[in-house]
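Student: no sequence on this one, just coordinates:
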């Protein structure tokens, strides 16, 4: 192992060479060799090795590269050793700052390269870090204070004005090193005390300069912010820490100081602490704006900044306690988990130390701050942007978390309760200007779009903010109020607001819904993290409160609001809101739609709170919710379906069908009573519609009396507009039956019904246990759904002659579905079709829209009883269809584009051409019938016809080829002039077919069909 003499012999030639030739290589050799030596030997040779560097450091004419390398070498050497000589420290310290600053130019930083500045600051950093306690004490003496102040000033200039991030960071860190924040305060208490006394004079400049950095552009980088926060904290704690309150901090008097040093002396008295704290609170509030910084490490550093000041400067920074606590409360709700957890941990420590039952001063201060926040909350929420609103709400949420069960006491003050709730009501105002809420119509329950969305509520759009984080924070505040507050007080207050004015109606419902969920502890943020709620709050009975809320929600004045400008809406408005006769604007209707959605969410929230205990409330709640599920408004219908799904889940039913079936007796009773007073309950039929949509065939046994009685008795007594409404119910009901039972009947009766039985309904197979018998007395009873469909179709016989076009369209749609339901019950189907036929034929002499629907109905009939109506169709309907196609072929000729494509005649043409071939297949057309049809379709093969009509005609020919390909081939050959028919034998004469000049425009389509025939 090398001793001191050996190391000296090793370093001597290198140091001599460096003294003679000041080059980078020589400096590097000295530095590397010294760095490899043992630490004990390095200490002995420190001054010897540093001599050549100090010698050349005094030379002013050096390039930036050499100066930078000199500082870099000094930094490496100083890290390896300890500086015990004050003269050595003083010499290097002075020379370094002379190289980068000019005393003649107001101590400004010289225009040198960034490389020199960085290496110089690193050298100072290493120099001060290596100083012994004795040297540090001399550094904090009054004689050196002027030079120390100059160094701090230069470093602050570098930190503020330089753009090089690494230079900014090392300059800020060096300020902390100059204040001996890196030393152990317990071991060198005298050094710390002197450092605090010295830096008390620099505190305003340091805090102000670092605050400018902290409130500057975020593009500086998060490392600059984090470093500045740590240094700001270290300096303030060093000077203002509570440990200075008990020590003799007044220091020397001015008379004891040498008059040659014109330096202000700070005597840290109690008055000075108070005055300084009052001035620092301004900077603390500025720095606290970093709670919204985009980088999580900066926010994490803000937590440490607030924590250190709270725990170590509680007495000396009393005026700053409020903003510091607010910082922690806001960051307790931070999106980044590490920041949030750290804030909560600090708050818990703060609560354990200072919010004790015996110390009311801090609790009183926080309560005063909370009341002050509620006072200025309306103004902040009204004038701030989304970021400001979010921070304010996070602060409010943090206060509620910190106070916990004490929230009940805080809200006993009516003025403060009023301010808080009015602020939340204003913030929660919904946007009712979107016309799309009215445009969206309800989709069928089987729609994939509905099925995929049944697990979530519709998105809410607020008037005063767009950030979803604000909505989440608002929800958490409401739930914390419900969890820690007095639910009776809050519910009574909000119900009063609900009736007080329509302005707060929707907001009150929204907040009330969240308070209900909060009382149950559902998704309450960080609940019980500081302290659990009181036993009285836990044991509060929500049954009576829920009953009160449900009764208010489903009351007619709130529940029965108009959702459209239809005739039924006008009737409802007169019945339930006689005082409101004004025109319903779009904004008013949107407001009503949102109100209905919020009420449905509220009822669901009540079911979630009570769980299975909510079942008794279903007697009064289920029917109104089902009625909303049948609404024509898409948003209301969707929300009601979601509500039904969640209510069945909360009440522990297997499904929506299960909750309806289990409560069907209540529903049937309500339906029967309200149907008897239909004029007062025009919306009640949709309840039956939704019940049939949601349930399977088993529900028919429960509602059959209601449905059959309604069908048989009410068609005679209802006025036309209400009869139309009832017919809508019948139509949707029948449609549901078709979808529910057609597939089931196919499976159940497939073994009993054959094609021969369907075509010959008089002949029945009697081999299946006598199920079918010619004797009417032995025939089995008709299934329930068949009887119901037959009753509906009997009404359709007369309704086909209605003057209302919409009624006729719905009748035809109902017949289409009804005949499909009866397809396996030919004994019932065929007589019914016979009754429907005569008025049905008249539909082909009506408006084009009706004829289109009539043709669809004819296709449905042909699919289930084709042979039965074949002759009737050819005799009564077919001539009308052929005449229409012949006449319209001339009209559509040459109209490949233009407005003709939007006419009803064009749509009927397209519908006929698309379905007439299939109809011919179902009827089994004969040779002459196929020939006549090909002649009618031939004009549509012209390229002058619209392309869609050409394609539909080609499809019709494809169907006819399946019926009789020979007739189609013969016709196509007869109209084609491009095919030469050669006799198979010379003895036969050539066959001459007619040819016209106009055939050229049909050539392409004709050739296409001939090729298909030949394949």
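Tutor: Here it is on my side, so go on. What you are looking at is a predicted structure, and each value in this text was computed from that prediction instead of being measured.

Student: For the protein, just list every one of the strands.
Tutor: With DSSP state E as the criterion, the chain has strands at 101-102, 108-109.

Student: any idea of the mean pLDDT in the first one?
Tutor: Okay, so that is strand 101-102. Taken as a whole, strand 101-102 has an average pLDDT of 80.

Student: With the last one instead?
Tutor: Averaged across strand 108-109, the pLDDT comes to 80.

Student: ok now it, how far from the chain's centre?
Tutor: In terms of CA atoms, centre = their mean, to the nearest Å, the centre of strand 108-109 is set 53 Å apart from its chain centre.

Student: Please name every helix or strand in contact with that strand.
Tutor: In terms of contacts (3 or more CB pairs under 8 Å, 6 or more residues apart in numbering; DSSP states H and E), strand 108-109 is packed against strand 101-102, helix 145-161. In short, each C-beta sits where N, CA and C put it, glycine included.

Student: Serialize these to JSON lines and add fields for mean neighbour count.
Tutor: Shown next, in JSON lines, are those (neighbours: other CB atoms under 10 Å):
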{"stretch": "strand 101-102", "mean neighbour count": "18"}
{"stretch": "helix 145-161", "mean neighbour count": "19"}
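
Student: could I get the ones you listed as TSV with distance to residue 389?
Tutor: Converted to TSV, the helices and strands packed on strand 108-109 look like this (distance: least, CB to CB, whole Å):
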stretch	distance to residue 389
strand 101-102	46
helix 145-161	32
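
Student: ranking these by mean pLDDT, which is last?
Tutor: Looking at those, the weakest mean confidence is strand 101-102, a mean of 80.

Student: Can you list the strands that that one pairs with?
Tutor: Using DSSP bridges, the strands paired with strand 101-102 are strand 108-109 (antiparallel).

Student: Please identify the buried residues of stretch 586-600?
Tutor: For stretch 586-600, a neighbour-count test (16 or more other CB atoms under 10 Å) marks 588-600 as buried.

Student: Kindly apply the preceding question to stretch 470-481 instead.
Tutor: Within stretch 470-481, the residues that count as buried by 16+ other CB under 10 Å are 470-471, 473-481.

Student: can you list these in TSV and add pLDDT?
Tutor: Below are the buried residues of stretch 470-481 laid out as TSV (pLDDT from 0 to 100):
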residue	pLDDT
470	91
471	91
473	91
474	92
475	92
476	91
477	92
478	92
479	91
480	90
481	91
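
Student: Which of those residues sits closest to residue 218?
Tutor: Proximity of the buried residues of stretch 470-481 to residue 218 (CB to CB) peaks at residue 470, which lies at 21.3 Å.

Student: gap between that closest one and residue 390?
Tutor: 5 Å (CB to CB, to the nearest Å).

Student: Verify the stated contact: residue 118 with residue 166.
Tutor: Yes: judged on CB atoms under 8 Å, residue 118 makes contact with residue 166 at a distance of 6.5 Å.

Student: higher neighbour count, these two?
Tutor: With neighbours defined as other CB atoms under 10 Å, residue 118 and residue 166 compare such that residue 118 has more, 20 against 15.

Student: any idea of the pLDDT on that one?
Tutor: Here the pLDDT value assigned to residue 118 is 91.

Student: Which residues are in contact with it?
Tutor: Counting by CB atoms under 8 Å, 6 or more residues apart in numbering, residue 118 touches 68, 164, 166-167, 170.

Student: let's go with 6 Å and repeat that
Tutor: For residue 118, the contact set (CB atoms under 6 Å, 6 or more residues apart in numbering) comprises residue 167.

Student: For residue 558, see how far away the closest residue in space to residue 491 that isn't next to it in sequence is.
Tutor: Setting aside the residues directly before and after it, residue 491 is nearest to residue 545 in space (CB to CB, 6 or more residues apart in numbering), at 5.6 Å. Distance of residue 545 to residue 558, given as CB to CB: 17 Å.

Student: how close does the residue lying closest to residue 611 once chain neighbours are set aside sit to residue 597?
Tutor: Closest residue to residue 611 apart from its sequence neighbours, by CB to CB, 6+ apart: residue 650 at 5.8 Å. Plainly put, residue 650 is 18 Å away from residue 597 if you go by CB to CB.

Student: now residue 962
Tutor: Here the criterion is CB to CB. By it, residue 962 lies 53 Å from residue 597.

Student: Thanks a lot, catch you later.
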